[in-house]
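1. how would this look folded up:
(2 chains)
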Number of protein chains: 2
Amino acid sequence: MATMCVIQKIVRRTGWQFKHQIGHHRISGLGQSPYCIAAEAPALENKVNGRHRILTLQSMNPQGVKKPFDEVIKANIGDAHAMGQQPITFLRQVVALCTYPDLLDNPSFPQDAKRRAKRILESCGGQSLGSYSISQGVHCIREDVARYIEKRDGGVPADPNNIYLTCGASDGISSILKILVSGEDKSRTGVMIPIPQYPLYSAAISELNAIQVNYYLDEDNCWALNVNELRRAFLHAKQYCNPKVLCIINPGNPTGQVQNKRCIEDVIHFAWEEGLFLLADEVYQDNVYSESCQFHSFKKVLHDMGQEYFNNVELVSFHSTSKGYMGECGYRGGYMEVVNLHPDVTAQLVKLISVRLCSPVPGQAAMDVVVNPPQPGEESFEQFIREKEAILGNLAQKAKLTEELFNKVPGIKCNPLQGAMYAFPRIFLPEKAIEKAKEHQMAPDLFYCMKLLEETGICVVPGSGFGQNDGTYHFRMTILPPAEKLKILLQKVKDFHVQFLEEYA
Amino acid sequence: MATMCVIQKIVRRTGWQFKHQIGHHRISGLGQSPYCIAAEAPALENKVNGRHRILTLQSMNPQGVKKPFDEVIKANIGDAHAMGQQPITFLRQVVALCTYPDLLDNPSFPQDAKRRAKRILESCGGQSLGSYSISQGVHCIREDVARYIEKRDGGVPADPNNIYLTCGASDGISSILKILVSGEDKSRTGVMIPIPQYPLYSAAISELNAIQVNYYLDEDNCWALNVNELRRAFLHAKQYCNPKVLCIINPGNPTGQVQNKRCIEDVIHFAWEEGLFLLADEVYQDNVYSESCQFHSFKKVLHDMGQEYFNNVELVSFHSTSKGYMGECGYRGGYMEVVNLHPDVTAQLVKLISVRLCSPVPGQAAMDVVVNPPQPGEESFEQFIREKEAILGNLAQKAKLTEELFNKVPGIKCNPLQGAMYAFPRIFLPEKAIEKAKEHQMAPDLFYCMKLLEETGICVVPGSGFGQNDGTYHFRMTILPPAEKLKILLQKVKDFHVQFLEEYA
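-> Model (predicted):
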């Protein structure tokens, strides 16, 4: 069918090749991408809990034969609350107060939460979250975002007029790409993305009929971005397209590396030299675990490089409520900050977002709390810090644990998880397994992940969904399950892997 | 610039020709569409309230000369809460309980609200609104939507698997159009839309590079849809494109007509004959005011026409939390129900929405309350009905009032406002005014609306933003301002119009 074209292309380009079939079970008609698998998981659980007969990923197959696991562990998507992480109390208090302002009289809510809620409501039409905001987002929230950025970046000025509140970071990324990839030479526009990458990028590029230009992260060097590789990719791409945009994910997804300042300077210098538009996906800016690493924003580094750069390099940076310590994925809150955006591009952006009216206002309110948390001296400060540090401390421990355990398994090699919330270990697959996968018309790492799921109930995403060097195989696994469960999970992966190696030796 | 292409085309095709200039004031760089004007309005108010010096739409110009009005009345967008409408208590209680589940122990919240909140949370990953839902939407909410549709349609079965929760109705409409307009013959695909129409349609069609096929509603017959006009438009379009999709807005926006059953049958028969895919925008299904009118869903009528139709005509129907009596625009809640969707199209739809992860979960929860309100015997029932009926009764009165008052003005002719929340009166403009507008390179009704804004502070949208028969002029005005304010507004429009006619006589 003609109408299948766009999507098929997405699937083809991103390498999303999930099969519908797991053993004897269909994954209920969905499941052609890492996200499908991901998104599907809660439904599978619901089904396990009773109502539906079309059970799929469960411990019992339709013939009543017990599978070798008791539960499905979804380590495939960065969905913190679904893995049991509790919401930050203060964030939910503020949003609840905004939702139902009668609670402003309730003495059990802290004053600092009430102050924030009142301030947000005063900036909403009719003092209601139910009004459309202006398309760019509620003004006082954009002010708070700007102040947050200034503080984060040691005083580098940020302007609320350069902030756009978005429906998660994905929405901002897609919108900007849509504008940058347009016009007559649209189909010759090159967009440089890291490999491995978060597949939103490849999907968006494919949907826009632009050209994906891969630059490879250096696995042997902790997934570092090397500017020589950027240059190689750029020069090669110039032979067949017009590379205009350079996407960076820092901290990396799925790779978890945190870029150092020097690396960011190199990237910026390169973008300046070649007139590339920089997209900096910085949604994991709060998720840095390695003590030797620190998050540096592209904006701050750009500023520190001096006026020639700061006045000329076009940059958009993205953030989100979904990751960090808050993990509020369902709210679809996010923002982007634009730097040196050409007025024509700004005008287009404003028009594009206007057609969609506005991003969800409760998500905007959640974003506000993220950028304007309780301050020392405020009533909720201690609880907030306690909750935040517990979550981040926990993630840091699990990052360490995961790296250590994976590296003890023969045939698995895992770089340090410096940041973000995923391990992306390399798996060395025996030739026989690779042949077997080909027989099944599956990518070898997909074959591996499907086996893992079938035999252990652990759901991870094959590296082929993110891109990887030819002949290398990986999977992405979140470190979000609670520590005890994560240990069991890692032990199971280990046992599975050892057995897999034996089976295909 | 090449990158301006897409948007310029949108602007060109939709006739969005708002000027940035109002008198001596710039509308701060936004404002090229009805939505921009709309979206901008709250920001303008903020600016009026003090913080910014770049004041625009206000009663004082920069030279300190008082404008002839004290406040800007935004009658340009269906944004109920911004106009002072209060949220439905029960809806906000349920969403607040979901947001901050500690409140489930609070005795001041009614049990029926708690029951609903618990049920929603149990269907969310980790019992949190902060988890991603599956891309199609939280399962139990889709069940409630299906039950709501069954009840609305007198028992015609609805399947939760055919329901997709969306980020407002706009998101659903854009997604479906994106899938239907794809493949090799994409740029020859015709999409039939009513004129006048809600400009989301023309914008989406333009963005997709498809072909907009206009069918004209019959102004002399209360904006009725005449199937002969549909056929004319279809046959004419067949000469240069392949019309595949037929969009219907019922109750109409901006035109406010409510289609009778016979008319819907005719449309369905026509779609069946010509193999057209039907999109039924039914977001105003609760907004029917004329006693002689009743809302008939396309699904129900399709069912009643018998198996040949019900098994074959492809239909998608859209609903939203933003309109009706709830007016929860900021939540971006919505759903679509698909009927007879081809499995290939379903597969594509699922993949498309998977890339975006999920629609905002708080908006999904709000949608749940809309489709699953308090029932007789439940604690909140009476208050809910009281609030709902007050809002709808009020709108019905204002619909009547608006029609009557407009029709007393010489040179204004207004069809009955049978439903939705807008008046779309025809304005008869003197030749001299039309010439003057041309001098300013403005559409005549834009010129009129700008004058109205400059002189009275009343913000309405010119008919050229929605499309209209050549040589006719209109504007769209919401009936959402409170009754007292609406009366003042109507009187001001009347005085302005009389004076305008004199000035350009």
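2. quick one: whichever residue of the stretch 201-350 of chain A sits closest to chain B from B:Y201, how far?
-> Taking C-beta to the nearest C-beta, chain B has its nearest neighbour within the stretch 201-350 of chain A at A:G330, 3.3 Å off. C-beta: built from backbone N, CA, C; applies to glycine. Distance from A:G330 to B:Y201, counting by C-beta to C-beta, to the nearest Å: 29 Å.
3. more crowded one of these two?
-> Just comparing A:G330 and B:Y201: by other C-beta atoms under 10 Å in any protein chain shown the higher neighbour count belongs to A:G330, 34 against 26.
4. Show me the shaky parts of the stretch 1-150 of chain A.
-> Where the stretch 1-150 of chain A drops to pLDDT under 70, the residues are A:1-65.
5. hey, where'd the strands end up in it?
-> Here the stretch 1-150 of chain A has its strands, by DSSP state E, counting those that start in this stretch, at A:21-22, A:25-26, A:73-74.
6. same check, this time on the stretch 151-300 of chain A
-> A:163-167, A:189-195, A:211-216, A:242-249, A:277-281.
7. Now do the buried residues in the fourth one.
-> This points to strand A:242-249. A:P243, A:K244, A:V245, A:L246, A:C247, A:I248, A:I249 (16 or more other C-beta atoms under 10 Å in any protein chain shown).
8. Look up the pLDDT of the residue of the stretch 401-505 of chain A found nearest chain B for me, please.
-> Relative to chain B, the nearest point of the stretch 401-505 of chain A is A:L480 (10.2 Å; C-beta to the nearest C-beta). Here, the pLDDT recorded for A:L480 equals 96.
9. what residues are up against the residue lying closest to it once chain neighbours are set aside?
-> In space, and not counting its chain neighbours, A:L480 is closest to A:M83: 4.0 Å by C-beta to C-beta, 6 or more residues apart in numbering or on different chains. Counting by C-beta atoms under 8 Å, 6 or more residues apart in numbering or on different chains, A:M83 touches A:K74, A:T478, A:L480, A:P481, A:P482, B:G126.
10. coming back round to it: give the contact list for the residue of the stretch 201-350 of chain A closest to chain B.
-> Applying C-beta under 8 Å, 6+ apart, the residues contacting A:G330 are A:H81, B:C124, B:S128, B:L129, B:G130, B:S131, B:Y132, B:S133, B:C358, B:P360, B:V361, B:P362.
11. Which two among the residues you listed are spaced furthest apart?
-> Farthest apart among the contacts of A:G330 by C-beta to C-beta are A:H81 and B:P360. That separation is 14.3 Å.
12. With neighbour numbers in mind, choose between these two.
-> The neighbour count for A:H81 versus B:P360, taken as other C-beta under 10 Å, is higher for B:P360 (29 against 24).
13. re the thing from before, can you list the contacts of A:G330 in a markdown table and add distance to B:T321?
-> Formatted as a markdown table, the contacts of A:G330 follow (distance: C-beta to C-beta, whole Å):
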| residue | distance to B:T321 |
| --- | --- |
| A:H81 | 23 |
| B:C124 | 18 |
| B:S128 | 20 |
| B:L129 | 15 |
| B:G130 | 19 |
| B:S131 | 20 |
| B:Y132 | 20 |
| B:S133 | 16 |
| B:C358 | 16 |
| B:P360 | 11 |
| B:V361 | 13 |
| B:P362 | 10 |
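14. Quick check: of the residues you listed, which has the highest neighbour count?
-> Using other C-beta under 10 Å as the neighbour test, the contacts of A:G330 are led by B:L129, with 33 neighbours.
15. From A:G363, how far off is it?
-> In this view, B:L129 and A:G363 are 10 Å apart by C-beta to C-beta.
16. Could you tell me which residues touch both of those two?
-> Residues touching both B:L129 and A:G363 (C-beta under 8 Å, 6+ apart) are A:Y331, B:P362.
17. need the residues of the stretch 401-505 of chain A near chain B, please.
-> Residues of the stretch 401-505 of chain A found near chain B (C-beta under 8 Å from any C-beta of the partner chain): none.
18. gap between the two ends of stretch A:300-308?
-> Its start and end residues considered, stretch A:300-308 measures 14 Å (C-alpha to C-alpha, to the nearest Å).
19. Make CSV from the strands of the stretch 151-300 of chain A and add mean pLDDT and distance to chain B to it.
-> Output for the strands of the stretch 151-300 of chain A, formatted as CSV (pLDDT from 0 to 100; distance: least, C-beta to the nearest C-beta, whole Å):
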stretch, mean pLDDT, distance to chain B
strand A:163-167, 96, 6
strand A:189-195, 96, 9
strand A:211-216, 96, 15
strand A:242-249, 97, 9
strand A:277-281, 98, 10
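20. Can you name the residues that contact A:H497?
-> Shown in contact with A:H497 (C-beta under 8 Å, 6+ apart): A:V409, A:G411, A:I412, A:I427.
21. Now rank the residues you listed by neighbours and give me the top one.
-> Counting by other C-beta under 10 Å, top hit in the contacts of A:H497: A:I427 with 26 neighbours.
22. Tell me who's in contact with that residue.
-> When contacts are counted by C-beta under 8 Å, 6+ apart, A:I427 touches A:G411, A:I412, A:D445, A:Y448, A:Y473, A:H474, A:F475, A:H497.
23. next one: A:N340
-> Residues in contact with A:N340, defined by C-beta under 8 Å, 6+ apart, are A:N311, A:N312, A:V313, A:E314, A:L315.
24. Show the buried residues in those.
-> Buried by 16+ other C-beta under 10 Å: A:V313, A:E314, A:L315, out of the contacts of A:N340.
25. Turn the residues you listed into CSV, including secondary structure and distance to chain B.
-> Formatted as CSV, the buried ones among the contacts of A:N340 follow (DSSP: H, G, I helix; E, B strand; the rest coil; distance: C-beta to the nearest C-beta, whole Å):
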residue, secondary structure, distance to chain B
A:V313, coil, 17
A:E314, coil, 12
A:L315, strand, 16
